[in-house]
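Chemist: Sequence isn't available, so here's the structure alone:
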């Protein structure tokens with residue numbers, strides 16, 4: 001394609017941007033109208049958890065309590081941390097399993113290790129838990145999957161999991177209803193950007209004069225926050241764009257997507273190629289309604305840029321808290337929503353109790369005006385200064401000195417209300433004292449763990465939705481592998497225990513004389529499943545306790561599992577201790593471990609190490625020496641037997657020498673005849689074997705030739721456009737060379 005064609009495509013794309021922009025604003029207006037209530041409540045939940053005075057106290061209540069205590073005893077973060085802390089300890093693990101005949105278990109394990117490496121490289125643990133904090137607090141959180149070059153000096157791309165700055169502002173298709181939003185037609189991901197950064201990134205884009213009064217119900221515009229004097233809102237608009245896909249079902253059951261191959265091929269040649277596939281290869285060709293994922297960057301005024309996403313999933317992952325559906329209305333919340341009122345009551349009771357206690361040293365004095373009027377300044381400071389004595393004027397109408405009024409006492413009603421309100425807050429959230437670490441009647445570790453697990457049941461919906469979001473992330477990453485890792489390369493993977501390893505993918509190799517692709521990322525179907533439960537570290541702790549009890553119950557098992565027992569310990573250099581104990585294992589077990597290790601390394605595309613090669617060569621040399629010694633012993637034994645037999649025959653021959661001489665000639669003639677007959681039969685068998693080999697070679701040659709002709713025909717048909725272009729380019733070059741050169745001015 002020429003530069004002119006590229007410019008023309010860009011102009012046509014930009015001409016479509018106005019229509020895309022108008023459609024995006026209409027969809028945003030419709031989506032926000034449905035989600036406005038959930039978004040407003042979610043932001044209030046986040047502010048309430050933050051815990052400022054203006055967040056947890058109503059504005060009217062603050063005005064009524066001017067000059068009086070207005071405390072904030074924020075108990076909500078501990079409940080949120082209790083739920084998210086369990087998520088951090090038992091984060092679900094992504095597993096990959098083969099689905100069809102084109103997939104295999106080893107490649108599925110490599111894919112799983114690659115996903116773990118992507119998560120480790122992306123610091124996905126922190127991305128996930130940040131989304132979980134938002135999920136548990138306000139009912140929704142988000143993260144995303146993206147691709148990038150590994151570094152500036154390579155063409156190899158990598159996959160990364162990234163966080164989304166404001167997970168509440170992400171706006172999904174109003175017609176989607178699945179918890180993973182995999183059925184959504186579009187999604188908006190807003191980002192507020194300073195004007196300086198915006199102008200630097202898009203210098204030719206409009207940065208002033210935005211009309212934010214569009215749409216909105218009741219005179220309120222959803223777009224009023226898209227621009228102000230400090231920032232401009234840039235929105236990622238992900239859209240499923242309808243297209244037609246051409247699929248070919250081959251006789252071996254594999255499905256090939258020919259859409260990209262036929263995109264730049266003339267219709268006549270594409271039709272001929274599809275007919276050849278259908279007739280010669282018996283392929284089933286069908287055209288399906290499908291879509292591709294497009295990513296637009298838009299502002300209130302225009303579309304800034306456009307790009308295509310290689311996968312078939314929108315790479316935005318929602319993590320939902322808890323949802324209540326009432327017809328078409330969806331009410332979404334986290335643990336803070338229903339605990340806001342108990343938290344306000346907690347603040348009020350604490351403030352009221354503090355106010356009562358603060359007034360105790362300020363109990364007023366009771367007396368007549370005459371008793372105080374001559375020493376008014378002294379009595380005025382009686383509650384704030386420690387005077388050594390207090391003077392008063394005797395009043396006959398009031399016998400005795402002034403008396404202090406009984407100070408306020410703590411309210412039992414407030415204390416009881418605080419206790420009752422604390423229980424109400426725990427009941428609303430579903431987390432009780434035992435789950436929060438308070439001491440209870442349980443004494444054994446198992447009983448405490450079971451009591452804690454019962455407390456987690458009340459909030460398990462958040463764990464389940466969190467696992468569902470991570471599973472969705474694994475699906476997106478796994479679906480990207482054939483597009484991103486489509487060439488032969490060496491990649492790093494991580495095992496279940498977090499240990500790194502290096503494997504080769506898409507590597508051609510010969511297995512039993514057949515060409516195969518090692519860890520082929522571009523073929524086969526694979527699915528993602530979740531493994532929930534304790535993390536690897538927690539499982540190792542359980543394994544330590546279980547193996548300790550097992551060895552105590554069955555001490556003879558210690559010599560054969562000492563290496564495994566040591567590796568599961570948290571000691572420094574536990575792996576080295578395990579390797580040393582492995583040397584003490586019985587020889588059969590050691591040999592099996594070494595053989596299994598070599599098989600795993602060969603399956604991962606690794607060759608034997610120099611030490612293993614030397615050890616194998618030494619073993620082979622020792623085996624050869626043993627075989628040679630055994631052969632020499634056999635030869636000596638055979639020689640002795642032959643010598644004894646010869647002596648016996650000689651004695652017998654001496655006894656019957658006369659008869660032997662007479663029969664010698666006849667015996668030699670018969671022997672010669674038998675040898676000639678045997679030689680003749682051997683020659684006939686050689687000729688017959690040669691004829692069979694020639695016939696079999698001819699059949700194999702004919703079959704290979706036919707396969708080669710089929711492949712040649714397919715390549716010539718599908719790639720004919722390249723030959724035509726090359727011929728046109730050659731003709732143009734020859735024509736230019738044939739033209740006479742202009743004469744040089746003298």
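Modeler: Alright, I've got the coordinates. This structure is a prediction, so every number in the text was calculated from the model and none was measured. Numbering: from 1, shown residues only.
Chemist: Can you get me a residue count around the nearest residue to residue 222 once chain neighbours are set aside?
Modeler: Excluding its sequence neighbours, the residue lying closest to residue 222 (CB to CB, 6 or more residues apart in numbering) is residue 32, at 4.4 Å. In this view, the C-beta of every residue, glycine as well, is placed from N, C-alpha and C. Around residue 32 there are 20 other residues, counting by other CB atoms under 10 Å.
Chemist: Next up, identify which helix or strand the most centrally placed residue in the chain is on.
Modeler: Geometric centre of the chain, nearest residue: residue 474, 4.3 Å, by CA atoms, centre = their mean. Mapping residue 474 onto the secondary structure by DSSP states H and E places it in helix 460-484.
Chemist: I'd like the mean pLDDT over that helix, please.
Modeler: For helix 460-484, mean pLDDT is 93.
Chemist: Tell me how far it lies from the chain's centre.
Modeler: Here the centre of helix 460-484 is set off from its chain's centre by 6 Å, with CA atoms, centre = their mean, to the nearest Å.
Chemist: What residues sit buried inside it?
Modeler: By neighbour count on 16 or more other CB atoms under 10 Å, the buried set for helix 460-484 is 462-463, 465-484.
Chemist: Strands of the stretch 301-450 of the chain, start to end?
Modeler: For the stretch 301-450 of the chain, the strands defined by DSSP state E, counting those that start in this stretch cover 303-309, 316-320, 322-326, 329-333, 365-366, 403-404.
Chemist: Pick the most deeply packed of those strands.
Modeler: Among the strands of the stretch 301-450 of the chain, judged by mean count of other CB atoms under 10 Å, the one packed with the most neighbours on average is strand 316-320 (a mean of 25).
Chemist: Can you tell me the strand partners of that strand and which way each runs?
Modeler: Strand partners for strand 316-320, identified by DSSP bridges, are recorded as strand 140-149 (antiparallel).
Chemist: quick one: the strand it pairs with to strand 329-333, angle?
Modeler: Relative orientation of strand 140-149 and strand 329-333, computed by axes from the mean of the first three to the mean of the last three CA atoms, to 10 degrees: 80 degrees.
Chemist: Could you give the average pLDDT over strand 140-149?
Modeler: Per-residue confidence for strand 140-149 averages out to 95 on the pLDDT scale.
Chemist: The next helix or strand after that strand to helix 460-484, inter-axis angle?
Modeler: Moving toward the C-terminus from strand 140-149, the first helix or strand encountered (DSSP H and E) is strand 157-163. Inter-element angle recorded for strand 157-163 and helix 460-484: 160 degrees (by the same axes, to 10 degrees).
Chemist: Sort out which residues of strand 157-163 are buried, please.
Modeler: If you call a residue buried by 16+ other CB under 10 Å, then strand 157-163 has these buried ones: 157-161, 163.
Chemist: and if you look at stretch 489-503?
Modeler: Going through stretch 489-503 with 16+ other CB under 10 Å, the ones that come out buried are 491, 493-494, 501, 503.
Chemist: ok, which stretches of the stretch 401-550 of the chain are helices?
Modeler: Counting by DSSP state H, counting those that start in this stretch, one finds helices in the stretch 401-550 of the chain at the ranges 412-429, 445-457, 460-484, 536-553.
Chemist: can you check the stretch 51-200 of the chain too?
Modeler: Chain-ordered helices for the stretch 51-200 of the chain, with DSSP H, counting those that start in this stretch as the definition, fall at 53-56, 59-64, 76-89, 105-121, 124-138, 195-201.
Chemist: will you turn these into JSON lines that also has mean neighbour count?
Modeler: JSON lines is the format used below for the helices of the stretch 51-200 of the chain (neighbours: other CB atoms under 10 Å):
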{"stretch": "helix 53-56", "mean neighbour count": "15"}
{"stretch": "helix 59-64", "mean neighbour count": "10"}
{"stretch": "helix 76-89", "mean neighbour count": "18"}
{"stretch": "helix 105-121", "mean neighbour count": "21"}
{"stretch": "helix 124-138", "mean neighbour count": "23"}
{"stretch": "helix 195-201", "mean neighbour count": "13"}
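Chemist: Tell me which of the ones you listed lies nearest to residue 567.
Modeler: Residue 567 lies closest to helix 105-121 among the helices of the stretch 51-200 of the chain, at 19.4 Å (CB to CB).
Chemist: centre of the chain versus the closest one, how much separation?
Modeler: On the basis of CA atoms, centre = their mean, the separation between the geometric centre of helix 105-121 and that of its chain is 9 Å.
Chemist: one step back: pLDDT check: weakest of the buried residues of strand 157-163?
Modeler: Least confident by pLDDT among the buried residues of strand 157-163: that is residue 157, with 88.
Chemist: So what sits opposite it in the bridge?
Modeler: Listed beta-bridge partners, residue 157: residue 149 (assigned using DSSP bridges).
Chemist: ok, now which ones touch it?
Modeler: For residue 157, the residues meeting the contact criterion (CB atoms under 8 Å, 6 or more residues apart in numbering) are 147-150, 484.
Chemist: Including distance to residue 231, could the helices of the stretch 401-550 of the chain go into JSON lines?
Modeler: Compiled in JSON lines, the helices of the stretch 401-550 of the chain are given as follows (distance: least, CB to CB, whole Å):
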{"stretch": "helix 412-429", "distance to residue 231": "36"}
{"stretch": "helix 445-457", "distance to residue 231": "41"}
{"stretch": "helix 460-484", "distance to residue 231": "29"}
{"stretch": "helix 536-553", "distance to residue 231": "43"}
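Chemist: quick one: which of these is nearest residue 17?
Modeler: For residue 17, the closest of the helices of the stretch 401-550 of the chain is helix 460-484, at 25.5 Å, according to CB to CB.
Chemist: Kindly calculate the angle that that closest one makes with helix 76-89.
Modeler: Taking the same axes, to 10 degrees, helix 460-484 and helix 76-89 form an angle of 50 degrees between their directions.
Chemist: before we move on, back to that, how about JSON lines for the buried residues of stretch 489-503, with distance to residue 190 added?
Modeler: As requested, these are exported to JSON lines (distance: CB to CB, whole Å):
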{"residue": "491", "distance to residue 190": "34"}
{"residue": "493", "distance to residue 190": "36"}
{"residue": "494", "distance to residue 190": "34"}
{"residue": "501", "distance to residue 190": "40"}
{"residue": "503", "distance to residue 190": "40"}
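Chemist: Closest one to residue 198 out of those residues, please.
Modeler: Distances from residue 198 to the buried residues of stretch 489-503, taken as CB to CB, are shortest for residue 491 (36.8 Å).
Chemist: The closest one and residue 115 touch, don't they?
Modeler: No - under the criterion of CB atoms under 8 Å, residue 491 is not in contact with residue 115, lying 11.4 Å apart.
Chemist: list the contacts for residue 522?
Modeler: 482, 486, 506.
Chemist: Which helix or strand in this protein has the lowest average pLDDT?
Modeler: Of all regular secondary-structure elements in the chain, judged by mean pLDDT, DSSP states H and E, the least confident is helix 445-457 with a mean of 58.
Chemist: Now for residue 565, how many residues are close by?
Modeler: A count of neighbours around residue 565, defined by other CB under 10 Å, yields 20.
Chemist: OK, contacts around it?
Modeler: Remark: with contacts taken as CB under 8 Å, 6+ apart, residue 565 is in contact with 544, 547-548, 551, 558.
Chemist: List buried residues within those.
Modeler: In the contacts of residue 565, burial by neighbour count holds for residue 547, counting by 16+ other CB under 10 Å.
Chemist: about what we covered before: measure the residue nearest to the centre of the chain to residue 412 for me?
Modeler: Using CB to CB, to the nearest Å, one obtains 56 Å as the distance from residue 474 to residue 412.
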